[in-house]
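1. After the sequence you'll find the predicted model.
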Amino acid sequence: MPTPRSLSHPVRNEDYTFHPSQLSEKERAAYVIEALLSYNEGIISNNPDGAERKFDKLTQSPFVFLRGTADLMYRDFYGTDADKSIVLCIGDVHLDNYGVMETDEGSLIWGLNDFDESNFAPFTWDVKRGAISCYLSALEAGMKKKDAKEITENFVEAYLKTIRKSNEKENFELTFDKKNSPGVIKKVLAKSADIKAKKFIQQKFLDANSPIPRFKNTDEVERIGENNPKLFADVQASLNNYLKSLPTPPDSLVVLDLATKTGSGTGSIGLWRYYALVEILRGGKSEMLVLELKQERASVLSPYIGGGLLNFATEGSRVAYAENVHLPNANPWYGYTNIRELSYLVRKRSPHKMRVDLATLKKEDDFSSYAKACGKALAVAHLQVDTALIEVYSDIARSILHSINPESFSEDISNFAYKMAEQLRQDWKSFKKAHKQGKFNFTASQ
């Protein structure tokens, strides 16, 4: 369990207006390259091939660039919003970090699904990043600037409306399912519900030609198996420890096969990720699962907020804690472990994992409907609090509303988002130019 500590974060009080650094265009371009290389230094050193894949992907579009460069954004956020209410932030809010998840009862819900960067920070930082992602992703989907701005405003307004509602109602919906979600999300929930778990594992992961259960090699999955017995043994030992982090662990867990996984995510490309095919035993019944072990590093927010409210033993425990706070009764397989002194989040690879494809939202009404749901889901996440901290967070909604001007909040955040998005688009162009010049070729000299 995390232990409490006093909260301090060195943010200075400024208004919502974005103040770019006093750098010329040429100086800003150099600054962007330095910032990206600095933040990704560990990945570049330990996994240069993975680092190259990450930077290659960032050339795709400004929205993809936003997804993979949260540190660059928080450098610009640093020093703002000291007077805003502090919550357990997601840290990496964008429209592709929402999706379908499975609850501990087996039902399906929709909401935020990535907690790698979670930390205590001003709530506005999540709202701002989410708003910027709305604007950029809408433009990428082919929306006009006027419509992209309206979509962004709908996201922010839905967030604020939800906070206000929760402050007025005792019984408040905290989950999104097929009954209370907009049409674009209901379709994804329905499609996800049709997937059968056993068939999913057999078709997606297993080698049909093997007499025993083992992974098949694909473009993104490379089987380790018996080729590295030391790593295999280390993973088995780590998963035995992982069971201790679960609220209701099974009786036993045996690793049947092991593989490396590449190609997932954007910001996390280059960090180590494994798939473990395991057999679990509970109450005399066995079940085969695929567990994903995802390397975790310090939250991207950490350098910009000072000391957080809680101490965590490992980064994996921080992420698992945030998931369990933000999504009560969600995936019961969220836990954590260490492998060779590196921290990992462990979770079940759900057959129902699915998200809305933003490229399919061709109508402005559909995109707006989705953005509103994302704003509402973010507000619901911010309203969650660990019961151990209830004395600190006696009324989150009231605290948020008291720290802002509700009448101008949506307009202020939206205007900030437009200006920040334009800065990010310029940063992306500078990055693409440097990428073309070969400044992110890390394996050429090997």
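-> Good, I have the coordinates. Residues are numbered from 1 along each chain as shown.

2. Tell me the helix or strand right after the worst-scoring helix or strand of the chain on mean pLDDT.
-> Ranked by mean pLDDT, DSSP states H and E, the weakest helix or strand in the chain is strand 3-4, scoring a mean of 43. Per DSSP states H and E, the first helix or strand lying C-terminal to strand 3-4 is helix 25-39.

3. what comes into contact with that next one?
-> 20-21, 23, 44, 55, 69, 71-72, 75, 300, 426-427, 430-431, 433-434, 439 (C-beta atoms under 8 Å, 6 or more residues apart in numbering). Yep, even glycine has a C-beta here, placed from its N, CA and C like the rest.

4. cool, and stretch 47-60?
-> Contacts of stretch 47-60 (C-beta under 8 Å, 6+ apart): 36, 40, 43-44, 64-65, 68-69, 262-263, 266-267, 269-272, 428, 431-432, 435, 440-443, 446.

5. likewise stretch 321-330?
-> 2, 88, 90, 101-105, 109, 111-112, 115, 118, 174, 310, 312, 331, 334, 381, 384-386.

6. In helices, which of the contacts of stretch 47-60 appear?
-> 36, 43-44, 64-65, 68, 428, 431-432, 435 (DSSP state H).

7. Secondary structure element holding the spatially most distant residue from the centre of the chain?
-> Ranked by distance from the centre of the chain (C-alpha atoms, centre = their mean), the top residue is residue 211, with 37.3 Å. Here residue 211 sits in a region with no helix or strand, counting by DSSP H and E.

8. need the contact list for the spatially closest residue to residue 159 that is not a sequence neighbour.
-> Spatially, and ignoring its direct neighbours in sequence, residue 159 is nearest to residue 375 (4.0 Å; C-beta to C-beta, 6 or more residues apart in numbering). When contacts are counted by C-beta under 8 Å, 6+ apart, residue 375 touches 130, 154-159, 162.

9. What strand or helix carries residue 375?
-> helix 364-382.

10. in that helix, what counts as buried?
-> 364, 366-382 (16 or more other C-beta atoms under 10 Å).

11. For the following helix or strand past it, which outside residues touch it?
-> Per DSSP H and E, the first helix or strand lying C-terminal to helix 364-382 is helix 396-402. Residues outside helix 396-402 that contact it (C-beta under 8 Å, 6+ apart): 84-85, 87, 123, 163-164, 166-167, 382-383, 385, 393.

12. just to revisit the earlier point, mean confidence score for the helix holding residue 375?
-> Regarding helix 364-382, the rounded mean pLDDT is 95.

13. chain center to that helix: distance?
-> Centroid separation between helix 364-382 and its chain, computed with C-alpha atoms, centre = their mean, to the nearest Å, is 16 Å.

14. try stretch 99-117
-> 12 Å.

15. List the buried residues of it.
-> 99-103, 108-117.

16. Would you work out how far apart the start and end of stretch 46-65 are?
-> Its start and end residues considered, stretch 46-65 measures 22 Å (C-alpha to C-alpha, to the nearest Å).

17. Could you do stretch 30-48 as well?
-> 21 Å.

18. Can you tell me which of the contacts of helix 25-39 are classed as buried?
-> Those of the contacts of helix 25-39 that meet the buried threshold are 44, 55, 69, 71-72, 75, 300, 426-427, 430-431, 434, by 16+ other C-beta under 10 Å.

19. tell me, how many neighbours does residue 207 end up with?
-> Residue 207: 15 surrounding residues under other C-beta atoms under 10 Å.

20. Please name the residues that touch the closest residue to it other than its chain neighbours.
-> Nearest residue to residue 207, sequence neighbours excluded (C-beta to C-beta, 6+ apart): residue 216, at 4.0 Å. Residue 216 is in contact with 205-208, 223, counting by C-beta under 8 Å, 6+ apart.

21. separation between residue 216 and residue 201?
-> 11 Å (C-beta to C-beta, to the nearest Å).

22. try residue 224
-> Applying C-beta to C-beta to residue 224 and residue 201 gives a distance of 18 Å.
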